[in-house]
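Engineer: Task: produce atomic coordinates for the following.
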Amino acid sequence: MRLAGWYLSEGSAGISGVYIANISPQAQSEIVGLFQSVFDVSLKADSKGVWCRSRSISNLLISLFGKGAHQKKIPGFMFQLPKEKQKHLLQSLWAGDGHAHESRVLYKTVSEDLAIGISYLTARFGAMPYIQRNPKWFDLSYRGQSMIKMQEMLGVASLCRKGIRDHHWVRDNLIWLPICQIETVEYSGLVYNLEVETANSYVTENFVVHNCQDNQPLAPFGMGSAWVSNTFHHYCLQFRNE
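Structural biologist: Numbers count the residues shown, from 1 in each chain. Below you'll find the predicted structure:
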């Protein structure tokens with residue numbers, strides 16, 4: 001898992017083999033040890049990183065994790081692994097392209113798939129990032145309790161108060177996200193309202209979505225006295241924490 005994290009964050013692959021770019025002697029020593037333990041191959045390190053001159057290993061890593069910074073991704077089976085294994089993956093990801101300090105935890109990548117994949121993994125630990133889409137990259141920023149949880153996972157001391165709140169909350173193995181902004185867009189044409197019998201909820205690629213209703217009480221679904229207002233056609237967006 002740690003080797004996967006190093007490749008995703010700092011690696012490149014092609015016909016010449018695999019190159020993991022990192023100038024830290026400690027990091028290079030770990031990367032060499034990981035390649036030798038996993039693949040039993042000899043490596044060459046230079047002042048800027050570590051070379052693995054194996055085309056077959058290169059092809060394997062490309063097939064699993066993608067080629068090129070913009071195409072990097074976490075393969076689907078890794079989302080089903082035990083949390084302890086995922087923790088090692090996240091730690092080596094942050095050792096490469098992440099930033100973890102006493103007052104902030106950030107990750108930057110040019111790959112949208114990788115940014116979303118990391119947010120899925122950290123969600124399993126109760127840590128949800130703010131994702132900012134810049135013209136050239138994606139910033140994952142962890143704040144509040146999410147930052148504290150990431151700092152604990154990454155072994156970094158925190159300056160934040162334990163009582164600081166997040167802008168999301170966890171309940172019944174779901175991470176609930178508030179709606180931050182509602183936009184009105186001019187449109188002329190047919191409008192389709194997707195419905196599902198009884199629960200009126202359905203699953204998209206990233207969310208469990210609850211459709212708009214006319215002041216529908218949510219008590220039958222375990223939400224106490226809460227209800228959904230149809231005034232602004234609100235949607236409840238949820239991440240599963242599984």
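Engineer: got the buried residues for the helix or strand hosting residue 59?
Structural biologist: Secondary structure assignment for residue 59, by DSSP states H and E: helix 55-65. Across helix 55-65, burial judged by 16 or more other Cβ atoms under 10 Å covers 57, 58, 61, 62, 65. For the C-beta atoms, the positions are set from N, CA and C on the backbone; glycine is no exception.
Engineer: what domains does the record give for this protein?
Structural biologist: For the chain, the structural domains run 1-67, 72-164, 168-242, going by automatic domain parsing.
Engineer: Compile those into a markdown table and extend it with columns for mean pLDDT.
Structural biologist: Shown next, in a markdown table, are the domains of the chain (pLDDT from 0 to 100):
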| stretch | mean pLDDT |
| --- | --- |
| domain 1-67 | 92 |
| domain 72-164 | 89 |
| domain 168-242 | 64 |
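Engineer: was I right about residue 86 contacting residue 4?
Structural biologist: No. Using Cβ atoms under 8 Å, residue 86 is not in contact with residue 4, being 10.4 Å away.
Engineer: quick one, what contacts residue 202?
Structural biologist: Residue 202 is in contact with 194, 196, 208, 209, 211, counting by Cβ atoms under 8 Å, 6 or more residues apart in numbering.
Engineer: Then residue 126?
Structural biologist: Taking Cβ under 8 Å, 6+ apart as the test, what residue 126 contacts is 145, 146, 149, 170, 175, 241.
Engineer: top of the residues you listed by neighbour count?
Structural biologist: residue 146 (24 neighbours; other Cβ atoms under 10 Å).
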